Each structure stands twice: as structure tokens, then as C-alpha cells.
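Peer 1: pasting a predicted model and its sequence here:
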There are 2 protein chains.
Amino acid sequence: MSVAIQEKVSTKDFIISQSAELFNLYGYNGCSMSHIMEATGLKKGGIYNHFSSKDEIALAAYNYSYGLVIKRFRSSLDVVETAEEKLFAIIETYASLIEQPTMKGGCPIFNTAVDAIDFHPSLAAKAKEGINRLQRYVEIKIEQGIENEEFKKNCEPDRIASMMIIHLEGAIIMSRVSENRQHMRNAVSFLKDYVKTSMVI
Amino acid sequence: MSVAIQEKVSTKDFIISQSAELFNLYGYNGCSMSHIMEATGLKKGGIYNHFSSKDEIALAAYNYSYGLVIKRFRSSLDVVETAEEKLFAIIETYASLIEQPTMKGGCPIFNTAVDAIDFHPSLAAKAKEGINRLQRYVEIKIEQGIENEEFKKNCEPDRIASMMIIHLEGAIIMSRVSENRQHMRNAVSFLKDYVKTSMVI
């Protein structure tokens, strides 16, 4: 019994991890059940044994992809202390998504966002939640920096967090579209300069 | 004879304009010939009478969409004079793409870029060329501002142009994903402040 459950969980996980990359590469509309069948070597019935619809696979795939991105952020943020270091770690982690993406096809949160906005409310809501959480996280780091007297009192956490995430998301897309990583390098130095000259006391 | 040619051109244009919105909404992989047949009311043969492949339709649709965006930029840039006003017009035109998009589904250059990077080299090359042209245009305006002694001599046109386009592209995506136009408003005021405080003499 426990062996059967074990097998079932890992087949499900295998479908999720394979689908995550396919959805990221082809988009929700472009990724078909045939793609998933080919990548997993499973028949349609074998997949629908674990999921009731393509939409359910897409949501599970998004959660998996989101987890990989969050893990990347956590591992670099956990090892630094000050608010300035936390902001620098966020900036550098974004930059690392260009140099060493978590999966083929670029940033999965960003791609899901662009892909899902017009047609997939449940996926779009997930991406919106992901971006809002990240923004709130940056705001909290800025608020803590103000409290600790690392950052100037007149820093506006919500505006600065919006500015930083706008800039980093924009740098990801510009670097990819123009196939020129200089854009991301420019963004990193622009934002670090901003922190040092406009925020740090 | 001339009537026949006239009819042929306008059917082709009709296919292009209808497809442009479909490609923008569904992405290249997600937009099928069935979508195009349904939107145009034409049969497959009627479409392939004008185009040899879906790829050819996608390229024509991209050119059409790109033209709409460029027309928007031209109409606001043509009526202003100084380098500062030109930069402000670029910033405001980007912002207008959120308030009044040129077509359903968001910015077509941006969407094509994200959609085509991994699988459609000819479309990806078009999007890359579009973004690079825009960057070069902004650089030229900054260079002219330096020459006219409107802008400080130490302004670096390539870095500032990269920074501005990164910020505006990022603001489009953040406003759409979070369904909160405040991000674009923040970006507009951030960039205008930057021009006024760091560039203008």
C-alpha cells in the first residue's frame, strides 16, 4: 500500500516537473497534452489519472516553478544580515536568473504573468500574488532598514520597492530580447548606486 | 484588373490586422489557423492564397503591430522640440500603452519578444531590432541634448537609454501583472525626476 502511494506521488511529481518546463517554453496555450505525453512517456489516461485537466497541471507546474525561484531567493537572503545586504542580495538574485535560469524559457513567474493575463484568471491570480509578495518583502526590508537607522527616514518603502522590481523585471526582459546581458549589469549597478546614494545614511 | 488587385490587397490586409490581435492575445504557438479562419471568416485555402505559411502571417502581423506602436510614438514626438520634451514624450507614450493599448493583449513588440525568444528566430530578430532601434533613438535624443547644452556633459547616452527602456518595459509588465497602474505612474514620475535632477543643466 505505502509503495503504491509512493509510486503515485513520484509519477505526479514527474509530470509536474516535466510540464513546468514545457509551460515555461511554449506558454499555456502553446503547451499541449501531446507535449506533456511526449516528455513524460505517459499516455493521456496515465496523466489524467493524476490531474483532472490541463489547467490543474498548469497550476501545479506554476507552484513548482515558483518554488524553485523562491528557493533561489531564500538561499542568498538567509546568509546576509543588514537591510542593505538584503536589498543587494535581491538585486543579485534577479541578475542570477539571467546568468543561471531556474529552468529553460526564462523566469517562470514573469512568463506566466504575461501568458495568463488575458485568458487564465487562476494562473494570472497566482502570478499577481507572487509579484505582490515579492514587493511586500522588499518593502519590509526597507522598513526594517529605516527602523535600524541604516536607511534615511524619508525613504518611501512602497515607491522604492515598486521602482526596484519594475527595474529588475524590465532588465530581465531587455537582456533576453536584445540578447545582451549588459542591460542586466547596468540595472544592477544603477540600483546599487541608488541604494548607496539615496537610501543609506 | 485594378479592382481585382485592390480586392486582393485589402483581403490580405484584413487577414493581417485580424491575425495581429490574435497573435498578440494567444501568442505564436497558441494562435492557430482555426483562430485566424474564424476571425476572418475565410477558409484555409483563402488564407494560403495570400500567405505561404503561418510564419509568414506572423511576420506580417508583427510588422503591422510594430507600425501601430511607432505611429503612436511619432505622433507625440513630432509636436515637441527640446531634448527634454522628447524624453518626456517617450515616457508618456509608454505610459499611454497601459491606459490606451494599441490592441488587445498588451504591447505587441514586448509580447512577441517574450513569446518568440526560444522558438521563432525570425520573429525574435524582429523584436530585438525593434527594441534596439528604440534604444538608439533615445540615445540620439540624449546626445542631441548634450550637444545643445540642455543636458550635462557627463550623461552617458547608452547607459541612460538602457536604464529608461528597462524601467518603462518593467513598468508595463508590473502594471499589467499586478493590475495596478500605480506602478506605471511611479515609473513616469521616477524617470521625469531623473531627467530633471540628474540630466538637465
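Peer 2: Yep, that arrived.

Peer 1: and A:Pro121, how many neighbours?
Peer 2: Around A:Pro121 there are 11 other residues, counting by other Cβ atoms under 10 Å in any protein chain shown. Every C-beta, even on glycine, is put in place using the N, C-alpha and C of the backbone.

Peer 1: same deal with the one 10 residues further on?
Peer 2: The number of residues packed near A:Ile131 is 21, by other Cβ under 10 Å.

Peer 1: how about A:Phe14?
Peer 2: Using other Cβ under 10 Å: A:Phe14 sits among 15 other residues.

Peer 1: who's in contact with it?
Peer 2: A:Thr40 (Cβ atoms under 8 Å, 6 or more residues apart in numbering or on different chains).

Peer 1: if I look at it, how far off is A:Phe51?
Peer 2: Using Cβ to Cβ, to the nearest Å, A:Phe14 is found at 12 Å from A:Phe51.

Peer 1: have a look at chain A and report the helix or strand with the lowest mean pLDDT.
Peer 2: Sorting the helices and strands of chain A by mean pLDDT, DSSP states H and E puts helix A:108-116 at the bottom, at a mean of 77.

Peer 1: hey, where'd the helices end up in chain A?
Peer 2: Assigned by DSSP state H, chain A shows helices spanning A:2-30, A:33-40, A:44-48, A:54-77, A:83-99, A:108-116, A:121-147, A:157-177, A:182-194.

Peer 1: closest to B:Phe23 out of those helices?
Peer 2: Among the helices of chain A, helix A:2-30 comes nearest to B:Phe23, with 11.0 Å by Cβ to Cβ.

Peer 1: the inter-axis angle of the closest one versus helix B:33-40?
Peer 2: Computed by axes from the mean of the first three to the mean of the last three Cα atoms, to 10 degrees, the angle separating helix A:2-30 from helix B:33-40 equals 40 degrees.

Peer 1: surely A:Ala161 meets A:Val138?
Peer 2: Yes. A:Ala161 is within contact range of A:Val138, at 3.9 Å (criterion: Cβ atoms under 8 Å).

Peer 1: pLDDT below threshold where in chain A?
Peer 2: A:1-9 (pLDDT under 70).

Peer 1: related to what we said a few turns ago, show me what the least confident helix or strand of chain A is in contact with.
Peer 2: A:20, A:23-24, A:27-29, A:62, A:65-66, A:68-69, A:102, A:105, A:123-124, A:126-128, A:130-131, A:169, A:172-173, B:27, B:106, B:111, B:114, B:173, B:176-177.

Peer 1: and stretch A:24-44, by the same measure?
Peer 2: A:11, A:14-15, A:18-19, A:21-23, A:46-47, A:54, A:57-58, A:65, A:103-106, A:108, A:111-112, A:115-116, A:119-120, A:123, B:26-31, B:115, B:118-119.

Peer 1: dump the helices of chain A to CSV, plus distance to B:Thr82.
Peer 2: As requested, the helices of chain A are exported to CSV (distance: least, Cβ to Cβ, whole Å):
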stretch, distance to B:Thr82
helix A:2-30, 42
helix A:33-40, 53
helix A:44-48, 61
helix A:54-77, 43
helix A:83-99, 34
helix A:108-116, 35
helix A:121-147, 35
helix A:157-177, 26
helix A:182-194, 25
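
Peer 1: and these: which comes nearest B:Glu156?
Peer 2: Nearest of the helices of chain A (Cβ to Cβ): helix A:182-194, 9.7 Å.

Peer 1: name the residues of that closest one that come out as buried.
Peer 2: A:His183, A:Met184, A:Asn186, A:Ala187, A:Val188, A:Phe190, A:Leu191, A:Tyr194 (16 or more other Cβ atoms under 10 Å in any protein chain shown).

Peer 1: separation between A:Phe51 and A:Ser17?
Peer 2: Distance from A:Phe51 to A:Ser17, by Cβ to Cβ: 14 Å.
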